[in-house]
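[1] based on what follows, work out the 3D shape:
(chains A and B, ligands or ions: 2)
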Amino acid sequence: MNLLIQQTVNGLTLGSIYCLVALGLTLIYGIMEVPNFAHGHLYMVGGYVTFFMMTLYGLNYWVSAIISGIVLAVLGVLLERLVFNPMRNSPSSNKFIAAVGAMMFLEASARVLWGSDFRSIPAIYDNVVVMGGVRLTEQRLIIIAGAVILMVALYVFIKHTMIGSTIEAMAQNRDGASLVGIDVNRVAMLTFAVASILASAAASLAGPIFLVYPGMGSLIIMKAFVIIVIGGMGSIPGAVLGSFILGLTESLGATYLSSNYKDVVAFAILVLILSIKPSGLFAKGAR
Amino acid sequence: MLKLSGINVAYGSYLALQDVNIEVNKGEFVVLLGANGAGKSTLFRTISGLLKVISGSVEFKGQKTNQLPSFKVVELGISQCLEGRALFSHMPVKQNLLLGAYVRRHDKEGIKKSLAMVYELFPTLKDKENALAGSLSGGQQQMAAIGRALMSDPELILLDEPSIGLAPIVVQQVFDAMKIVNEAGKTVLLAEQNAHLALKVSHRGYVLENGRIVMEGRSDMLAGNEDVKKAYIGVSD
Ligand SMILES: Nc1ncnc2c1ncn2[C@@H]1O[C@H](COP(=O)(O)OP(=O)(O)OP(=O)(O)O)[C@@H](O)[C@H]1O
Ligand SMILES: [Mg+2]
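    Ligands and ions are numbered 1, 2, ... in the order given. Presented below is the predicted three-dimensional model:
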């Protein structure tokens, strides 16, 4: 029983991280109609920035995480300006190739600059809390709480502010957005900035438990893709639900089946859900 | 107020508009008649900055606008209700209307007034304000789209075939609304195939064929013209 609770909490932790990455991916997909293959690599760079802020400059964990968010917002906007915006009117295959190129560029740069070693963001919240007989590190609770706070903040931003609602407006009808006077270029930059901040937050939260290394982006982007396909491309509630479904099944699957199957579980769920609902759980209606 | 001088617009190598000259004066209600594929939407998208001219110029209130991005054109006072409505279909009607006022988002009082005006013009929108725009009937969606275009309090409003696919009674309602809007001081440029009604409510008209203006004049004169009758009204005597 305790094991079940323990693994459920682990699943929620995993789901929280996935969720922050998948939300950004789905937001960008919504406005660009192209998957940002480099999104996992923004997560990776976010992890490194936090790591170096703490280890090289001796900054506090939270300060480092905020700096990482700012750096990533800038990097996200650059990615939009230099890669996605110039490709705006190109065929989607060209955009796909550009996005994959950006991804390879980021990973190769990380290997050259920082080497291929596995590093770990220094854990400062590694006390163990015992709750109802279950032992948890504080960091796991921080991950879950942090993700929930960011999800609520994102929800309020998009649903209850004029600026935030421009992201949804552009995703639902680009011409309509242009003709109510929304600057679609600014919305595209804003969306990349927000998505990149979420990715960096995910990496800063995950860093003390999971490791920081150049390949971490490729691993998470695979998962995030599975999630947004499960959830319905471009759907925000779908991305949230998909993340927790994946996090929980991975964690429970690893315990009750075999941890060798951990990464296979993701794809098994993908096949299962798509065979029941081919367009994902929350398919967006026709545009 | 709006002046198009010798504009040419192309899709790739296909020239969709050739040497088009149009002028709309303040307070006028002007109709642009044309069959399917004549280039009406292309012309409207060009005015709104969604398409760029390859030559010629678009001027609004003496200012050249054909280099400007769409949002600047809206800020200058030209609003468009697109063919196909282009609503934010997963948002409630009211949010669609409020986003229509995006360019004057800090003018809370003005937005309130415009919203009341739109609800008065189309009372069904008030009843449906919390319904998702995509769930409305075709006629209601058209009203929502026109309402949204009015929310920026534009000086010039472009309406691209608002009567398409609507029942005759709804068409009449939409045309009446446009007339009220025009009489309230807004300049209207309407693209239509429904010449019979359009020529009744408008002051002047242009006829577009294969990307060229082939006729222009007062609406009563166009309504009496044999060619126009044959091509756009479907009756001749
Ligand atoms: N995106 C596009 N790419 C290529 N050609 C286009 C495009 N849009 C329109 N055209 C062509 O330009 C011409 C004018 O089209 P437009 O949509 O402006 O006509 P319209 O008068 O609005 O017609 P309708 O009454 O059917 O709406 C047509 O021949 C059309 O095929
Ligand atoms: Mg048209």
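[2] which stretches of chain B form helices?
    Along chain B, counting by DSSP state H, helices occupy B:40-47, B:70-76, B:93-100, B:108-121, B:123-127, B:138-150, B:168-183, B:195-201, B:219-224, B:226-228.
[3] got the angle for the longest one vs helix B:138-150?
    Orientation of helix B:168-183 against helix B:138-150 (axes from the mean of the first three to the mean of the last three CA atoms, to 10 degrees) gives an angle of 10 degrees.
[4] now the angle from helix B:168-183 to helix B:108-121?
    Going by the same axes, to 10 degrees, helix B:168-183 makes 140 degrees with helix B:108-121.
[5] alpha carbons of helix B:168-183, in CSV - could you do that?
    Only the C-alpha atoms of helix B:168-183 are listed here, as CSV (Å, rounded to 0.1, in the frame of the first residue of the first chain):
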residue,chain,number,x,y,z
PRO,B,168,-33.6,35.5,-46.6
ILE,B,169,-35.0,36.8,-43.4
VAL,B,170,-31.6,36.8,-41.7
VAL,B,171,-30.1,38.5,-44.7
GLN,B,172,-32.6,41.2,-44.4
GLN,B,173,-31.8,41.6,-40.8
VAL,B,174,-28.1,41.8,-41.5
PHE,B,175,-28.6,44.4,-44.3
ASP,B,176,-30.8,46.5,-42.0
ALA,B,177,-28.1,46.4,-39.4
MET,B,178,-25.5,47.6,-41.9
LYS,B,179,-27.8,50.5,-42.9
ILE,B,180,-28.2,51.5,-39.3
VAL,B,181,-24.4,51.4,-38.8
ASN,B,182,-23.9,53.6,-41.9
GLU,B,183,-26.6,56.1,-40.8
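[6] the residue in chain A positioned nearest to ligand 2 in helix, strand or coil?
    Of all residues in chain A, A:Asp175 sits closest to ligand 2, at 12.8 Å by CB to the ion. In this view, the C-beta of every residue, glycine as well, is placed from N, C-alpha and C. Following DSSP: H, G, I helix; E, B strand; the rest coil, A:Asp175 is assigned to helix.
[7] nearest residue to it in space, please, no chain neighbours.
    The spatially closest residue to A:Asp175, leaving aside those adjacent along the chain, is B:Ala86, at 5.0 Å (CB to CB, 6 or more residues apart in numbering or on different chains).
[8] if I pick the one you found, what's in contact with it?
    Taking CB atoms under 8 Å, 6 or more residues apart in numbering or on different chains as the contact definition, B:Ala86 lies against A:Asn173, A:Asp175, A:Gly176, A:Leu179, B:Ala145.
[9] tell me the pLDDT at the last one?
    As summarised for this prediction, B:Ala145 has a pLDDT of 97.
[10] so it is in contact with B:Cys81, correct?
    Yes. Applying CB atoms under 8 Å, one finds B:Ala145 in contact with B:Cys81, separated by 4.8 Å.
[11] now the common contact residues for the two.
    Contact criterion CB under 8 Å, 6+ apart; residues bridging B:Ala145 and B:Cys81 by contacting each: B:Pro162.
[12] residue contacts, the residue nearest to B:Thr42 when sequence neighbours are not counted?
    Closest residue to B:Thr42 apart from its sequence neighbours, by CB to CB, 6+ apart: B:Ala16 at 4.5 Å. When the contact criterion is CB under 8 Å, 6+ apart, the partners of B:Ala16 are B:Val9, B:Ala10, B:Gly39, B:Thr42, B:Gly211.
[13] can you give me the pLDDT of the residue of the stretch 1-150 of chain A found nearest ligand 1?
    Of the residues in the stretch 1-150 of chain A, the one nearest ligand 1 is A:Asn89, at a distance of 11.1 Å by CB to the nearest ligand atom. A:Asn89 is assigned 83 on the pLDDT scale.
[14] that one and A:Ala177, how far apart?
    17 Å (CB to CB, to the nearest Å).
[15] those two: who's more crowded?
    In terms of neighbours (other CB atoms under 10 Å in any protein chain shown), A:Ala177 is the more surrounded of A:Asn89 and A:Ala177; the figures are 26 against 7.
[16] the more buried one reaches A:Glu168, doesn't it?
    No. The pair formed by A:Ala177 and A:Glu168 falls short of the contact definition of CB under 8 Å, at 9.3 Å.
[17] shared neighbours, those two?
    Common contacts of A:Ala177 and A:Glu168 (CB under 8 Å, 6+ apart): B:Phe88.
[18] ok, and what's touching stretch A:47-61?
    With CB under 8 Å, 6+ apart as the test, stretch A:47-61 has contacts from A:63-65, A:67-68, A:71-72, A:110, A:114, A:119, A:121-122, A:124, A:200, A:203-204, A:206-207, A:212, A:216.
[19] narrow those to those that are buried.
    A:64-65, A:67-68, A:71-72, A:110, A:114, A:119, A:121, A:200, A:203-204, A:206-207, A:212, A:216 (16 or more other CB atoms under 10 Å in any protein chain shown).
[20] mind checking which of those residues are in helices?
    Among the buried ones among the contacts of stretch A:47-61, the members falling in helices (DSSP H) are A:64-65, A:67-68, A:71-72, A:110, A:114, A:200, A:203-204, A:206, A:216.
[21] quick one: which of these is nearest B:Gln67?
    Proximity of these to B:Gln67 (CB to CB) peaks at A:Leu72, which lies at 34.0 Å.
[22] distance check, the residue of chain A closest to ligand 2 against B:Arg212.
    Look at A:Asp175 and B:Arg212: by CB to CB, they are 25 Å apart.
[23] next one: A:Gly15
    Counting by CB to CB, the gap from A:Gly15 to B:Arg212 is 61 Å.
[24] which of these two has more neighbours?
    More neighbours surround A:Gly15 than the other of A:Gly15 and B:Arg212, with 26 against 14 (other CB under 10 Å).
[25] give me the low-pLDDT residue ranges for the chain?
    As the question left the chain open, I've gone with chain A. Where chain A drops to pLDDT under 70, the residues are A:284-287.
[26] switch to chain B, please.
    Low-confidence regions of chain B, defined here as pLDDT under 70, cover residues B:234-237.
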